[in-house]
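**Student:** Sequence first, predicted model second:
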Amino acid sequence: MRGSEFTELTAFLTVARERSFRRAALRLGLSPSSLSHMIRDLETRLGARLLNRTTRSVAVTEAGQALLARLEPALAEIEGAVAAVGARTDRPSGRLRLNLSRVAAHMILAPELGRFARTYPDILLELTIDDALTDVVAEGFDAGIRVGERVQKDMVAVRLTPDLRLAIVATPAYFARHQPPQTPRDLSAHACLNYRWPETGALYRWPFHGPDGPVEVAVTGPLSVNDTDLILAACLDSAGLACLPESAVAEPLADGRLVRVLADWCRPFPGFFLYYPGRSPTPPALKALVGFLRKNKHEDIGDDLNFDSTFRVL
């Protein structure tokens, strides 16, 4: 078999799995038009239509299904053999694309980047900072890092941190002008710094848990932004109250630049998880990153999370 024929078969298998030329092109590192030409060349060579495509959908034909039934196990065997060889090497290599939130980047990866680069010099770590609910598979990423409650289903998930808590904070100067809130209901009288979700445009509702159970509060104030660093900067400048992860405000709380309120109303929530699709062999570079991050976390991070059975936690 010529190399071009193998490439065409791999392209067909990827489109059939993804049911989308755009998503398949991202996974293969091709343009959609190049991928379309490749599939047409394969169909011409075989003398059979393999895919029915419209502007909105892609479906595998009967001839395509017959080819797929023989092709999938054969290519899976090849992928497994290659992965097994890669797993034996002492120096995992290659590009590793990771999508993660800004907080996760600063909290988990930033302190470890130098050590990881020295430990695995042949791995090219490509990070995309993204606070939206990005579909890592559709966008061609190898893995993502999110808090557990925002992890996509049907994923293998590896816990990286213990459970987290939010903190409601403001400066002493702000509280010199305003009475500190005693309950979440009191927030209506305060200037609150809003986070706006990039993917929906909706404002973040501050979550609390009181005697009567969980409650979410829609707050108002002088600022709405989709960047937590700007919210923290505005809070430190006495612009209002902020709702941020404890880790993001630990230093200014410790040195007195910020004061915390409503602590009893803030319950723990699932911490950060690295997650990736489990339907194919895990790339050696991703295995290396997972092992490295877990090994270098000294606290007891635990390993359980109460999600449905499609969410496999390691």
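**Tutor:** Received it, and whenever you're ready, just let me know what you need.
**Student:** quick one: Thr220 and Ala242, what's the gap?
**Tutor:** 14 Å (CB to CB, to the nearest Å). C-beta: built from backbone N, CA, C; applies to glycine.
**Student:** Now for the two: what residues contact both?
**Tutor:** Residues touching both Thr220 and Ala242 (CB atoms under 8 Å, 6 or more residues apart in numbering) are Cys192.
**Student:** Between those two, point out the one with more neighbours.
**Tutor:** Ala242 (28 against 13; other CB atoms under 10 Å).
**Student:** before we move on, what SS does the more buried one have?
**Tutor:** strand (DSSP: H, G, I helix; E, B strand; the rest coil).
**Student:** Let me see the contact set for it.
**Tutor:** Contacts of Ala242 (CB under 8 Å, 6+ apart): 168-170, 192-193, 231-232, 234-235, 249.
**Student:** ditto for Pro32
**Tutor:** Residues in contact with Pro32 (CB under 8 Å, 6+ apart) are 21-22, 25.
**Student:** Can you check the pLDDT for it?
**Tutor:** Looking at Pro32, its pLDDT is 85.
**Student:** was I right about His140 contacting Leu26?
**Tutor:** For the record, residue 140 is Gly, not His. Yes: shown here, Gly140 and Leu26 form a contact pair, counting by CB atoms under 8 Å, at 3.6 Å.
**Student:** Show me where the stretch 201-314 of the chain has its helices.
**Tutor:** For the stretch 201-314 of the chain, helices defined by DSSP state H, counting those that start in this stretch occupy the ranges 228-236, 246-254, 284-295.
**Student:** Would you mind saying which of those helices lies nearest Leu50?
**Tutor:** helix 284-295 (30.6 Å; CB to CB).
**Student:** Most remote residue from the middle of the chain, which is it?
**Tutor:** In terms of distance from the mean C-alpha position of the chain, Gly47 ranks first, at 41.7 Å (CA atoms, centre = their mean).
**Student:** Out of the contacts of Ala242, which is nearest to Leu51?
**Tutor:** Ile231 (46.7 Å).
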